[in-house]
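1. Sequence below, structure please.
(2 chains)
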Amino acid sequence: MDYNFKAIETKWQKQWVDSKLYKVDIDKNRPKFYVLDMFPYPSGAGLHVGHPLGYIASDIYSRFKRLNGFNVLHPMGYDAYGLPAEQYAIQTGQHPAITTEKNLERYREQLDKIGFCYDWDREIKTCDPSYYHWTQWAFIQMFNHYYNNVSQKAESIESLVEELKQNGTKNIDSACTEKLELTADEWNAKSEKEQEEILLNYRLAYLADTMVNWCPALGTVLANDEVKEGLSVRGGHPVEQKVMRQWLLRVSAYSERLLNGLDQVDWTDSLKEIQRNWIGKSEGAEMKFKVKDSDIEMDIFTTRADTVFGVTFMVLAPESELTPLLTKPEHKEEVEAYLQETKKRTERERQAEVDKVTGVFTGSYAINPLSGEEIPIWVGDYVLAGYGTGAVMAVPGHDTRDFKFARHFNLPIIQVVVPEGEEATDPATWEDSKDSKAGTMINSDFLNGLSVPEAIAKTKEYIREKKVGDVQVNYRLRDAIFSRQRYWGEPFPVYYKDNMPQMVSESDLPLELPDIDKFLPTEQGEPPLGRAKNWVYKDAYPLELNTMPGFAGSSAYYLRYMDPKNDTALVGKEANEYWQDVDLYIGGTEHATGHLIYSRFWNKFLFDTGHVIKDEPYKKLINQGMIQGRSNFVYRINGTNKFVSLKQKDQYETTAIHVDVNIVSNDVLDIEKFKNWNPEYKDAEFELEDGKYICGWAIEKMSKSMFNVVNPDDIIEDYGADTLRLYEMFLGPLEQSKPWNTNGIDGVHKFLRKTWRLFFDKDNNISISDEKPSKEELKALHKTIKKISDDIEHFSFNTCVSAFMICVNELTDLKCNKREILEGLTSLLAPFAPHIAEELWSKLGHSTSVCDAQWPVFEASHLVESTFSYPVSFNGKMRFKIDMPVDASNSEIEEAVKSHESAQKWLEGKKVRKMIIVPKKIINVVVG
RNA sequence: GCUCGAGUGGUGGAAUUGGUAGACACGCAAGACUUAAAAUCUUGUGUCCAUUAGGACGUGCGGGUUCAAGUCCCGCCUCGAGUACCA
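-> Below is the predicted model of the structure:
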């Protein structure tokens, strides 16, 4: 019996738990290192082989850091609130808490088998009241703060109230829903309720009537990142726009800081780019256009202030407040009909029919503040109410959408920019607008002859001087809608008094989620919490019926891991000062515009209010790739029960049928298992090739319906956890998406067996020599120490596995069983294959865990060679090799090359023009 | 449309700063051991030409820079991801 992975893994997993090997505490004598995985939502399907990829990588890194003397925090928990459990509850009546608990146990069982070094004493569940206590607490803090644009941070609402009392809004520059103008006297004359209403305009957590993404199928509103292409991310149901009174978080207040913070963190460029695009900063000008025969002024935002002389019409969003005000009586009917029509179109239809030009004239005219010209005001649904001011100045000559609109409604087009290398032409002949930002201004009065950037600057200067506008920065980032009309989520710590929201006292937290009999909305259309009995505060005031969204619980969980049992604070000062922030965060890129924005916002808020010491929560972030499925097919001849092998399939009319990948090995079908797989195939016939049935394959999403789901438990059963860990790493670069393919797993399993055999003789007795290792043996080890140390730091785990294979192959060839070498190898291997390493370590005579061994120290002296084998190339093509002493001079090398036997053929009849010698790299002879 | 990333053998992939393209593994082929199978071991395996020796070609395509390009520059093609009437 050789390498018995089952016995070894069971034994050590038990031993680790019993000895609390992975428990961590604050230890001021050692430097800290915090490695975090994005915690999973425990779905009913359990883990498939793709889920642990990132967990294995972070586990390796954690163990590596521990071996290097760091005190490593590596926790795990569950994002336990969520839609699937609730939907299951609606269908079956089963309480989501029960389903969740069941799924969670299954996850734990699967995770335990892989041998992770989590400190389970720090486990977090977002649905646990002792955890969501602090989610509710943070919400209260946000309600009690506003964002001061001058100090660039959150400040208490009391200080704002004080300012309003003293000076009104005069000196206030803050993030708000709407810019208000009030004197102190006006403020002081308001009733308490009116004042509360005004304060909602400033609070960081606020209640407002707002256009929301309403998903009728799910019966709830969704945040922007939960909607893609007009469909809900979960379930793919249509989403419509609707005005509702909802809780929001003023995330937009932090736009600039969220953007700037990206420069301080070590994330991939692509992820930073996704966030930058999502925040969507654009610098431009806000300009006021007076409306003819009216006191109304239209505010518009533009990034192309230079083209203001090319404006030939204005367009309002259908939802704009100005639309009804600017509609003249004789156009009223037409405009109202248009508004009705646009309202009926769903967001999805609107997006699908991007090319369809629609709009209607209001009858009003605006006056161009620069040229004084009168320009018609239209309504069109290509202008969005939610961006900028909900109104645009249309420059059909230089904007594609404006151009289409102008052509469709026969509005004038003026050229004001001549692109580089072109002449001015008649716009009537154009097929498209000229959107280029490089060119020279014409038809633009005082801007004529300037370049576009010069003209933008000059226009901005001009409008400021004349007070017709100002330089303005716009962000695409919206405030996060924070209410969900669901049951399975955190209750808001909010009650209503006189219809105004009030915060539950902090001493009454956590406000626990009540039990209800049915998980559906009430007959009156209230959220499910409307069914809860006694859902009132202090026996008098109704509590909020909405619950918080999924991202609430995941926004500050990394802080809670630092101090998970603290019942007086989210995180205690001592714990926060020791653990500080996450040094390495590993998770999927799908959280780029959701969780990773919200939790950065949440953290910055807590930083502003002095509850945490770091402005950015995640120092380094790595996105592991997605593991796709690799499906297998069998080919049935149509109308028969006969299957033909891959090669022959084109000779017949066949249908490809998905076959369970677990009964296929290296694309060879196990025919007996296939017959038993489905009664339909019991009597199937086969046409083989070379005695085997070869299946076809395709890369598809890993899903039950494609029969391509591979369960880690099965792999562990057949090969062991160490093989699974190594194989997942060996598959390719961590960050790359790739299909799961079990084909190569034999290779890494063989490697582990080969490693085992270095330590044991034929009879499986340990056989270690205490002799001094040879030069070759030392070289093999130290080469590997260097390679592994460097590659782990670069998260290049696949090349680590290769390096181990090379090392073990070399040591096997050298028949090495020297203690010094094998001990070094064992500690190097420990982060990757902890079970076998632990077993070998104990067999080597150690009584402590290999986790606390020393990371081997690389000594360059073992790699020093006296000669180097130079590749010799002629005109860039490698022809032969020549051994030279490393200290050989260039002239010695030149002589040796010229007189070398193999060189004669290449030198014959040619002149050596040059010889390039790169020390310890290459020799290139230029001949001709 | 815009932004970002990637294209290397039959397959997964390696080549970290321009310096031997294809490490390591899978698969395949031949052989050893065995009654047989498994396991293990040995050898070969980019393509084409050549019995061999050897040679030509070769990192999506077309150019360029360089003694030297998978790697740098210019122009394209294909695939993937993100995002979108964002003014």
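2. Let me know the helix or strand that the nearest residue to A:Cys117 once chain neighbours are set aside is in.
-> Closest residue to A:Cys117 apart from its sequence neighbours, by C-beta to C-beta, 6 or more residues apart in numbering: A:Tyr22 at 4.6 Å. Heads up, the C-betas are built off the backbone N, CA and C, glycines and all. Under DSSP states H and E, no helix or strand contains A:Tyr22.
3. and stretch A:15-22, which residues are buried?
-> A:Trp16, A:Leu21, A:Tyr22 (16 or more other C-beta atoms under 10 Å).
4. Just the mean pLDDT for that stretch, thanks.
-> Average pLDDT, stretch A:15-22: 96.
5. Just the CA coordinates for it, please, in CSV.
-> Presented in CSV, the C-alpha positions along stretch A:15-22 are these (Å, rounded to 0.1, in the frame of the first residue of the first chain):
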residue,chain,number,x,y,z
GLN,A,15,-6.3,16.6,14.1
TRP,A,16,-6.5,20.2,12.8
VAL,A,17,-9.9,20.6,14.3
ASP,A,18,-9.0,19.0,17.6
SER,A,19,-5.9,21.1,18.1
LYS,A,20,-7.6,24.3,16.9
LEU,A,21,-4.7,24.8,14.5
TYR,A,22,-6.3,27.5,12.5
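6. outside of that stretch, which residues touch it?
-> Residues outside stretch A:15-22 that contact it (C-beta atoms under 8 Å, 6 or more residues apart in numbering): A:His74, A:Gly115, A:Cys117, A:Tyr118, A:Asp119, A:Trp120, A:Asp121, A:Glu838, A:Ser849, A:Cys851.
7. now these as TSV including secondary structure, pLDDT and neighbour count?
-> Converted to TSV, the contacts of stretch A:15-22 look like this (DSSP: H, G, I helix; E, B strand; the rest coil; pLDDT from 0 to 100; neighbours: other C-beta atoms under 10 Å):
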residue	secondary structure	pLDDT	neighbour count
A:His74	coil	97	26
A:Gly115	coil	95	22
A:Cys117	coil	96	21
A:Tyr118	coil	97	19
A:Asp119	coil	97	19
A:Trp120	helix	97	16
A:Asp121	helix	96	13
A:Glu838	helix	96	25
A:Ser849	coil	96	20
A:Cys851	helix	95	21
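8. For A:Asn666, state which of the residues you listed is nearest.
-> A:Gly115 (26.8 Å; C-beta to C-beta).
9. Contact partners for the closest residue to that closest one other than its chain neighbours?
-> Nearest residue to A:Gly115, sequence neighbours excluded (C-beta to C-beta, 6+ apart): A:Ala721, at 4.9 Å. Contacts of A:Ala721 were listed using C-beta under 8 Å, 6+ apart, and they are A:Phe5, A:Glu9, A:Lys113, A:Ile114, A:Gly115, A:His835.
10. quick one: pLDDT of A:Ala721?
-> pLDDT, A:Ala721: 96.
11. Flag every buried residue along stretch A:657-665.
-> A:His658, A:Val659, A:Asp660, A:Val661, A:Asn662, A:Ile663, A:Val664.
12. Redo the residues you listed as CSV? Include distance to A:Gln87, secondary structure and pLDDT.
-> Converted to CSV, the buried residues of stretch A:657-665 look like this (distance: C-beta to C-beta, whole Å; DSSP: H, G, I helix; E, B strand; the rest coil; pLDDT from 0 to 100):
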residue, distance to A:Gln87, secondary structure, pLDDT
A:His658, 26, strand, 86
A:Val659, 31, strand, 87
A:Asp660, 27, coil, 87
A:Val661, 28, helix, 84
A:Asn662, 28, helix, 82
A:Ile663, 32, helix, 84
A:Val664, 33, strand, 82
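13. From those residues, pick the one nearest RNA strand B.
-> Nearest to RNA strand B among the buried residues of stretch A:657-665: A:Val664, at 12.4 Å, using C-beta to the nearest atom of the strand.
14. Looks like the closest one contacts A:His658 (just checking).
-> No. A:Val664 lies out of contact with A:His658 (C-beta atoms under 8 Å); the separation is 10.8 Å.
15. and A:Gly550, how far is that from A:Thr210?
-> 19 Å (C-beta to C-beta, to the nearest Å).
16. Those two: which is more packed in?
-> Shown here are A:Gly550 and A:Thr210; by other C-beta atoms under 10 Å, A:Gly550 has more neighbours (23 against 19).
17. Not counting sequence-adjacent ones, nearest residue to the more buried one?
-> Closest to A:Gly550 by C-beta to C-beta, 6+ apart is A:Gly82, at 5.7 Å.
18. near RNA strand B, which residues of the stretch 151-300 of chain A show up?
-> Within reach of RNA strand B by C-beta under 7 Å from any atom of the strand, the stretch 151-300 of chain A has these residues: A:224-225, A:228-229, A:269-270, A:273-274, A:277-278, A:280, A:282, A:284.
19. at 6 Å what do you get?
-> A:Lys228, A:Asp269, A:Ser270, A:Glu273, A:Ile274, A:Asn277, A:Gly280, A:Ser282, A:Gly284 (C-beta under 6 Å from any atom of the strand).
20. Now pLDDT too, for the residues you listed, in TSV please.
-> Formatted as TSV, these follow (pLDDT from 0 to 100):
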residue	pLDDT
A:Lys228	77
A:Asp269	82
A:Ser270	83
A:Glu273	87
A:Ile274	88
A:Asn277	88
A:Gly280	89
A:Ser282	88
A:Gly284	88
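21. Return the subset of those lying in helices.
-> A:Asp269, A:Ser270, A:Glu273, A:Ile274, A:Asn277 (DSSP state H).
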